[in-house]
Structure formats: C-alpha cells, structure tokens
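**Student:** sequence and computational prediction follow.
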Amino acid sequence: MQLEKIHYDNKIVKAFIIATVIFGIVGMTVGLLAAIQLFYPLFNFDLQYTTFGRIRPLHTNAVIFAFVGNAMFAGVYYSMQRLLKARLFSDALSWTHFWGWQLIILAAAITLPLGFTTSKEYAELEWPIDIAIALVWVVFGINMIGTIIKRREQHMYVAVWFYIATFVTVAVLHIVNSFEMPVTFFKSYSWYAGVQDALVQWWYGHNAVAFFLTTPFLGIMYYFLPKAANRPVYSYRLSIIHFWSLIFIYIWAGPHHLLYTALPDWAQSLGVVFSIMLIAPSWGGMLNGLFTLRGAWDRVREDAVLKFMVVAVTAYGMATLEGPLLSLKNVNAIAHYTDWIVAHVHVGGLGWNGFLIFGMLYWVIPRMWNTKLYSTKLANLHFWIGTLGIVFYALPMYVSGVVQSLMWKEFAADGFLRYQNFLETTTQILPMHMLRATGGALYLTGVFIMTYNLIKTAYAGKFVANEEAEVSPLVKVKHTAGGYWHHILEAKPVLFTVLALVAILIGGIIELVPTFLIKSNVPTIITVKPYTPLELHGRDIYIREGCVNCHSQMIRPFRSEVQRYDPKGGEYSKAGEYVYDHPFLWGSKRTGPDLQRLGGKYADSWHFRHMLTPAEVSTGSIMPAYPWLYEQQIDKSLTAGKISALRTIGVPYADGYEAIANDELDSQANRIVDNLKLEGLETTADAEIVALIAYLQRLGTDIKQKDVATSNE
Amino acid sequence: MKKLFLIFALLLSFASFAQTEAASSSAATSFWDDPMLMFYTVVGFVFVVVLLVMLVALYMLQVLNFMVKQATRERAERLGIPYVEQPSFWAKIWKESNDFQPLEKEADLMLDHNYDGIRELDNHLPPWWKWLFYATIVFAGVYMVFYHMSDTLPLPLKEYETELAIADEQAKKLKASSPTAAIDETTVQLITDATALADGKTTFLNNCASCHRKDGGGDIGPNLTDEYWKHGGSVQDIFKVVRHGVQGTNMIAWEGFISPEKMQNVANYVLTLQGTNPENGKKPEGDLYKPKESAPADSVKVQASL
C-alpha cells in the first residue's frame, strides 16, 4: 500500500493555545476581583463599569467562552487531525474561526462592562454578538464535518463522537435561547417571557455546562489521557453506552435549576428524575478514564500530566454526583440561591475543565515544539498549588452555603424568623468569602507558574508548524457479520450526526413545547398588567446594572421565605405574575435578599438614599453604590421603540400607546420627584434613579391590586 | 491526608470564630456563657479520641497484616515452595465488582481499533455501574408515579400547605400558653426587666439603627432621644408606630417581621433613650410629649431611673 505524506496544522492549535493561556489569566483575575468585591465593596471602585453586577458576567463569560472555549478548539483541532488522519478541512476556515472567536471575546469584554446585556446567565451578550457567535460556530462546524468527510480512517473514534454532539447541540441551544426582539443595536428583549423564558434559559444554561464544558472535554480526555498514559482505552462498550445515554439524558435535566419556582410541577419532576439518571452516564466517562490508567498508576505518581488528568477526571466524577444530588427537592431547598452552588460549579470548572486543560497543555506543548518540558518540578508545584486552591475555594463555600441557608430558614420559638434581617446572614459568611478568595488566588498563582514554564519550554524548542505524517489512504473495509453494530455507524458520519441531533432534540421538545402551548401551565392573574413606560426604563436599568446577579425575584413556597419577603401578604411567587417579563429576572443566587415583593415596602426616599450609600442606610451592607444613576438621564426617545418591540412579542400595549407613553412617563416621574422633595431630596424627573425607583416600587404589587381596591371602598 | 486535615481544622476554626463574633454582637452573650459550650467540648473531645483510636487501630492492622505476610513468605521459603501473594479482601471485592480481567490477558481483549496509536479494549461494563444505572431508571419511574399518578408524595405547594398548617397549630398553642404572643397597642406595657431591654436593644441595632442611628439620634428617621414625637411618645404610641408603620414615610410596618414581644421590648428600649442627647442628633420633629398625669406610677419611676 502506497503511503501518503500529509501535514497536520499545528499553527492553528498554537494560536488557540496562546489565546487559552491569556484569557485564562484574564478571566481568573476578573474572578478574583469579583470574589474580593464580595467582602470588600471598595473594590467596586464606585465606577459603573466595574461593579459586581457587570464584573461577574465578565468573569463567567471570560472563563467559559474565552479560556475553556479556546482550549476546546485547540484540543479538538489537535486531536481530530490525528484521529482522522487528515489536515483540517480548510486553513481559511480555521483562521476565520480563530479570529472570529477572538473578536467575539473582544466584543464581550467591551460590551459587558458597558452594561449591554440580556441578563440571561451565560447568554448575556446582545443580539449582534449572538449572530456573530452563530456564524463562527457554523464555520467551526463546517471545518469539523469537512475534516471528518475527508478522513483517511474509516471509523470515527469516541472523541470524535463527542465533538459531533458538541457541535450540533450548542448550535441548537444557542439559536433557540437567543431569540430576541431588537430595540436598538445594543438592546433587545427576550422573545420569551416569565416561566417560558426561565425554562428556555435553563434548558440552555444547564446544557451549556453539558455540551460546552463537558462533552468536548470528554472527547479531549479520550484522546489525551490514553496518549499520555500510553494505555488502551478500558472499554469500548462503555464508551458507546455512556456516550448515547449522556447526550440523550443531559438535555432533560435543565429544570432542576428551577425547583420550587413557578415552573409547572411536571417539568420540575422531569428535571429531577433525569438528573438522577444522569449519574451513571457521567460516571461512565470517569470510569473509562480512570480504568484506562490500570497498569499505569505507578507513573501517575511521577508524571505531572497524568496527575492533572487524574484529578480532573475525579473532580468530574465528584461534580456529576453532586449535581444530581443537588437536584433532589430536599437538597435543593437548602442549596439553591446559596454559595453551595458556587462551590459546585467551581469544582467542575477549576477541577475538571481547568486541570484537564493544564494536563493537555503540559503534554502537547513539548510535542509541538519538539522538546521536553522546561521544568517538571514547576509543573508539580503547579499541580499542588492548584489542588490546594480548589480545596480552599470549595470548602469555605460549602460551609458558607449551608450556614447561610440554615440561617435563612431558622424560626425562633416565638414563631418568627430568628434572623429577620437578611444582612445578619450576609455578615456571618464574610470570613468564608475571604478564604474563598485566597483559594482563587492560589489557583491563579498556579496558572502564572504554568505560563512561565510553558513559555520557557517553547523557547527551548523549535515550533513545528506543519507536522509531517505518513498515512495510508482510506481503504473501506466491508463490515462482516458478528462485530459491533455500532462500529458500522462509526463509519457513517452524516447518519451519526443526524442520530445525535435526534437524541438531543427529544428531551428539549417534550419539555419546551407543552410549556408554551398548554395554557394551564401559566394560570392567568387578571390584575397583572404590563409595565408603565417609566417602569420599563427602570427595569432596563436593573438589567443593565446586573442586579439579577445578586437578587432573585422568585419567592419559593416555603414558610421561611414567605415570612421573610412578604409577611403580611403571604404570597409566594406565582407563574402568572411574570407574563410580561421579557426577559425573566428570577436570578439564581441570593447574595442580597429577594426583591419580588419589594414594591411598596419602603418609601421612595429610602431607595433614593439606599442606592447612593447602601452601607450607610443598611449598616454592614456589601452592596456597591450607584452614584451615576443620579447623574445620567433616561433616553426618552427610546420609549416608543421599546413599547412597540414588546407589543410585537405579545405584551398587550394598546395601539398608538407610543404616542402618549412619554406623557405618562413624565407624570409618573414627577410624582416620584415630588415625593422625594417632601423629604428634602432633589433630583430631576429624567434621572435614571427615578425610573429605577418606579420599577422597584412596582415589583410584586400587581397580585395585591384586588386587596387594595376592596380595602379602599 | 494530613494536609487535608490541617485545612479542615483551619476552616472549622474560622467558622467558629465567625459564629462567636456574631453571637456576641447580636445577642450580647459571650461565647463562654453559652450553656451548650460544655456539651460541644465533650462531644468534640470524644470525636477526636475516637478518631485517634481508629487511626491507631488501622495502623496496627496494617502492621499485623505485614507480619502475617512476612511469616507466610518465610514459611514458603523454608518449605521450598514458591510464594504467591494473596490479594486482600478489598482488592478482591474491587476486582469482582468491576469485573476486571487480569492485565496479562489484555491481549485477548484488544480490539483491532487503532486511532493515532490509541487502542481499545473490549472490557465488560463494570457490573456495579450497570446496576447503578438500572437503579436510577427505576427510581425515576417510581418518582414520577409517586408524585404525579398516585399522589403519594407531596409536590411543592402541598408541602407548603402542610408547613403552614403546622405553623398555625404552633402559633395557636403559643398564644394559649404565653401572653406575650398576643400583645398589641392596647396591652403593651412598660417594662424594666434588663433582659427584655437588652433584647430590645439587639432588635433596635439590627433593624432600626440604619434609619434612626445606633444611638437613636436620628438620620433618615427622626431623633428618638428628645421629647418631641410625631405620633405620640407613650409606649402604646411607639408600639403602634412600630407595628403598623407610618403610611407614606420610610417607617415600615414591622408586624409579621418581628414578634409582638420583640416589638414591646424595642418600644421600651426606645423609651430608655429619652434624654440621652447624643452628639449631632437630628433636630426635634413633631410635638412635645409629656407623660400623662394619669400614667401608672411605675412608668414614672422607669423614666426617672433612666
């Protein structure tokens, strides 16, 4: 057989690796800043661009899409060429992909601090960037499928299956969740409202974890771990079973982010049971990784690459057991909205993604530069300092999560909450937050050590831009009876892709469609009306400032929550209250109290003073100050556009309402200004703070309208 | 292992430090006064001892194991038969539950797959893993049946109703047994009990100080230390304002947030601030209030004693 000479493209891998390291450092540094802000509010710098509400999404986007994203592309492009015995489909597409992705990251880094955000977690970027993401993703997809088509290996290895599942699922998730109605170039409203928006968002959010942080990295594990250990993969059969069960089951589990909320019960229960069924498929990946090391464990002790990978795979196993347990109703009742969840995702992020990436980099860079690692000692130091960092990060957060949750729920003997003041529970956990920041700083230190080590390695070697390989051309072998039927499927990439698509569509369709079509899922509340124009502006400020990062708007049906947030009305949150909420703002973490029933609790002047100097009004508060809201004005020329955009997506504003909207806005604003004047507080009617106060005072009051009407009579 | 231990101990010490601090600031009782302190100390001591004993026992077991092995090996050498090490009990369990094949027989399991040098074995699914998967699927089915078909187990709203019913029951009992649970503005009393006033102070610092200042000198809310009151200065008047709030101002209604007893305590604590005249107090608002002639004698005494 004639051997063919081909060249693997290492240059594109190098580019993605450099981006990985740079954005790893950037993203984690921003994360450290956010962590420090939570016990030392001074670090919000009193600047609108650096408050926690905007820094936190910057951190999550940077580490997920820039750090882990670039690492994913590096790993996929490196391994895929070798697994398929083919250079990447098109160099032009590769570089379009690379620069397109970096431009998206740049756009995110600029727009998020500026406050351009949809407020949907891990999907904060506004609509023009969403379109760019979709396009670049398609470029990646074509490049990948193209490489598969021109492969010289008849069958696709398990890593490639995971890459295919990643591509199709992320495409579906991103497109469906990003349906939004543009108002201006940097402002849009989610197509969905309230309960539906929440369901779509967490179907997306959960599966972003599944198909952006998990499946591509399982693929990467399946390539780099056996290579580094020089051992055969433990069980081909396990690969098949856990791959299909994982992608089929994962997609259903999203509703576990919405337990005890206004989401219909049947959807919540589906979220619970599919999360539990996910334990084994996830662990299948861990076991296949760890068992591959059978007979090589003595080397794990010495080899830093293997050490990183073993901890990564173990962290994956721990996080994927913890996740399903957190999905149980009784555990979720304690853990939701607390630091426990933050600890959980960081075991996955720092342990699984981070350590697997580090292992991959330590393995691949000496090979691409044709040399040896500069210092195994430094790599080992990185390993230990990183592990210590994870421990110091996670343990305090577990403690603080449980402590705070129990304080929220504790009733004294007199039948009232023992810690009625939310702040008492916040100040209690600040020492834990300090420890957490220490853990993060340790982890980041490890990354700096790695960067130094890798740069030294690269300088010591010579970069091989085009790695030569001798491969035999594709000879199709007819399948004989008796073997694995799945092996036949592995030779049919198009059919394989279609089947993977079907597998991931089923769960989504069964959960999403009924929630949209069946009316009983969101019972109507007649008194719930659309927001007034001023409140709409206020809500957009609430979104811009990222208030949702710390404040939920979802009171779960627990006595302790109703007692805390609505002691007199006694109303937990109902699905019908959110029908005009584009997007929903339920939140996922309570660093501060829930705000769903805030309307009417305090006078306008309280909010006016509180937003200016939170720590003075609430002694010990860690909320940043928002002085710019008192200087900036709302843009009334946008009112009409906002109204008509919302009408298009189903909010029943009367025809022609645009014409009088600004008059109504003015009169509502003037009422608030007059109220403030009574207390000696001066402001103008178009100041942003006035709109925000209007929105805050509206929150959760509609449901009580009937009571007010009857009591007035 | 040792490292982990150290970290955990460190964490615990931090947590207890945080709790001590909060307890001393909010409840005004020191850590050392906690009646449970003795109990926790004993439990902690017992825990540490048990842990140490277990560590020593484990170590002894290992030593014993080693010696037994040594003896068998020597015996085998003495008898001139080859020594074969027996796998330990746990190693056997581990091997069986995973259905591990011996590494030497790996070649038989090797599939003809070769991807960039990566080979694949045809090992069985680990049996315990397979059964775990089956078990979770059964769990899922049973869960859906119990919650959505037979209604055996309560969904969130049902849970909430039950929770409320229990709370109602407790509240009724509390009302019947303790008169403080039913205090309102007509029955609120002047009190001089130091514990009650201390409790009132805690409530004040936690909830009122942010608007009335820690010393009651007034900020967003009015000065509470002078003789001028917007809504009357009797304990009944103050209780009423605390309970119902004042519509249209920042004084929210505290009913439901804190218990009637706590409202009585805090109203009484506010009265103790009369005449303290803190620095930079807010200027008087409202009308001059003098305790009525007909006020009970002991209330005058309270005021005088302060």
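**Tutor:** Ah, there it is. Numbers count the residues shown, from 1 in each chain, chains lettered A, B, ... in the order given.
**Student:** CA only for contacts and neighbour counts going forward, please
**Tutor:** OK.
**Student:** near chain B, which residues of the stretch 401-550 of chain A?
**Tutor:** Those residues of the stretch 401-550 of chain A that sit near chain B, judged by C-alpha under 8 Å from any C-alpha of the partner chain, are A:414-417, A:420-421, A:424, A:428-429, A:431-432.
**Student:** can you rerun that using 7 Å?
**Tutor:** A:414-416, A:420-421, A:428, A:431 (C-alpha under 7 Å from any C-alpha of the partner chain).
**Student:** quick one: which of these is most hemmed in?
**Tutor:** A:Q420 (24 neighbours; other C-alpha atoms under 10 Å in any protein chain shown).
**Student:** helix, strand, or coil at that residue?
**Tutor:** coil (DSSP: H, G, I helix; E, B strand; the rest coil).
**Student:** which ones are touching it?
**Tutor:** For A:Q420, the contact set (C-alpha atoms under 7 Å, 6 or more residues apart in numbering or on different chains) comprises A:564, B:257.
**Student:** please report how far it lies from A:M28.
**Tutor:** 35 Å (C-alpha to C-alpha, to the nearest Å).
**Student:** just to revisit the earlier point, in helices only, show me the residues of the stretch 401-550 of chain A next to chain B.
**Tutor:** A:428, A:431 (DSSP state H).
**Student:** format the residues of the stretch 401-550 of chain A next to chain B as CSV; extra columns: distance to A:H486 and pLDDT.
**Tutor:** Formatted as CSV, these follow (distance: C-alpha to C-alpha, whole Å; pLDDT from 0 to 100):
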residue, distance to A:H486, pLDDT
A:D414, 65, 85
A:G415, 62, 87
A:F416, 61, 89
A:Q420, 60, 88
A:N421, 60, 90
A:Q428, 55, 91
A:P431, 54, 94
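**Student:** helices of the stretch 151-300 of chain B, start to end?
**Tutor:** Under the criterion DSSP state H, counting those that start in this stretch, the stretch 151-300 of chain B contains helices at B:156-177, B:194-203, B:209-212, B:235-244, B:260-272, B:297-305.
**Student:** need the winner for burial among those helices.
**Tutor:** helix B:260-272 (a mean of 25; mean count of other C-alpha atoms under 10 Å in any protein chain shown).
**Student:** packing partners of that one?
**Tutor:** helix B:194-203, helix B:235-244 (3 or more C-alpha pairs under 7 Å, 6 or more residues apart in numbering or on different chains; DSSP states H and E).
**Student:** for the record, mean pLDDT for stretch A:211-225?
**Tutor:** Mean pLDDT, stretch A:211-225: 97.
**Student:** flag every buried residue along that stretch.
**Tutor:** A:211-225 (16 or more other C-alpha atoms under 10 Å in any protein chain shown).
**Student:** using a markdown table, lay out the helices of the stretch 151-300 of chain B together with distance to A:P57 and mean pLDDT.
**Tutor:** Below are the helices of the stretch 151-300 of chain B laid out as a markdown table (distance: least, C-alpha to C-alpha, whole Å; pLDDT from 0 to 100):
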| stretch | distance to A:P57 | mean pLDDT |
| --- | --- | --- |
| helix B:156-177 | 31 | 91 |
| helix B:194-203 | 37 | 91 |
| helix B:209-212 | 31 | 84 |
| helix B:235-244 | 40 | 92 |
| helix B:260-272 | 41 | 92 |
| helix B:297-305 | 56 | 44 |
